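Trainee: Coordinates only, no sequence provided:
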């Protein structure tokens, strides 16, 4: 997770990098070497030609929290074309549904009880949404002219250059550290930071097969992953009733 001083320092460093970046009128903007690394990352994840056609992902994750006795299984439908997500989380003692979208806001059902999320919860989801690593992979593969990519060194992080992302007229909102094979090893937004495990194949996609939070207290394992070139049904994100 980011502390406020860390977030502020990161933004400051990022602005310095922008001063030496160049724009590409035909698509992605920023440091050409950083753009090349970002494209290489997408190639390790299944290829630019594949990711540019993906509009929806369906994950199954098994989550494990240090303060929970039982693990739970999570299904998530992730809309890559917009900021929408629908999740079910279930174990023997835990049952929750959570969804958010621009149309229907943020809502959840916990053990059968419905509640509407706060404006802050929705704002946080919308703010971090474009910097989800899979939405970034799609944007990179589509050569999105609104996406800017640069290198930066993250304060209080091992001295490895990170790819830092922001959209036109916006603050930097995500960063990724790659290994020498151009595979993602660390991914962060201003709200979350995850360390990834090795890549694993699911269909024609290659993605990290597990991840932990930076403090190691939360982890997940990828059980399955399916992609589609069609958008999810918008009714999925509507609250019941």
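Mentor: Thanks, I have the structure now. The shown structure was predicted, so the numbers you read here are calculated from the model rather than taken from an experiment.
Trainee: And stretch 41-61, what's buried?
Mentor: For stretch 41-61, a neighbour-count test (16 or more other Cβ atoms under 10 Å) marks 41-46, 48, 50-52, 54-57, 59-61 as buried. C-betas here are computed from N, CA, C, even on glycine.
Trainee: Ok, stretch 112-125 next?
Mentor: Residues 117, 121, 122, 124, 125 are the ones in stretch 112-125 that count as buried (16+ other Cβ under 10 Å).
Trainee: Ok, stretch 200-209 next?
Mentor: 202, 205, 206, 207, 208, 209.
Trainee: Which residue, other than its chain neighbours, is closest to the last one?
Mentor: The one in question is residue 209. Closest residue in space to residue 209, ignoring its immediate chain neighbours: residue 200 at 3.6 Å, by Cβ to Cβ, 6 or more residues apart in numbering.
Trainee: just checking, what packs against the helix or strand harbouring that neighbour?
Mentor: According to DSSP states H and E, residue 200 maps onto strand 199-202. Counting contacts by 3 or more Cβ pairs under 8 Å, 6 or more residues apart in numbering; DSSP states H and E, strand 199-202 packs against strand 205-208, strand 218-228.
Trainee: residues making contact with that strand?
Mentor: Here strand 199-202 makes contact (Cβ atoms under 8 Å, 6 or more residues apart in numbering) with 44, 45, 183, 206, 207, 208, 209, 222, 224, 225, 226.
Trainee: cool, stretch 60-69 as well?
Mentor: 71-76, 89, 217-225.
Trainee: try it again with 10 Å
Mentor: 70-76, 87-89, 91-94, 202, 210-213, 215-226 (Cβ atoms under 10 Å, 6 or more residues apart in numbering).
Trainee: What is the end-to-end distance of it?
Mentor: Length of stretch 60-69, first residue to last, Cα to Cα, to the nearest Å: 20 Å.
Trainee: Kindly report the same for stretch 168-183.
Mentor: Span of stretch 168-183 from end to end, Cα to Cα: 26 Å.
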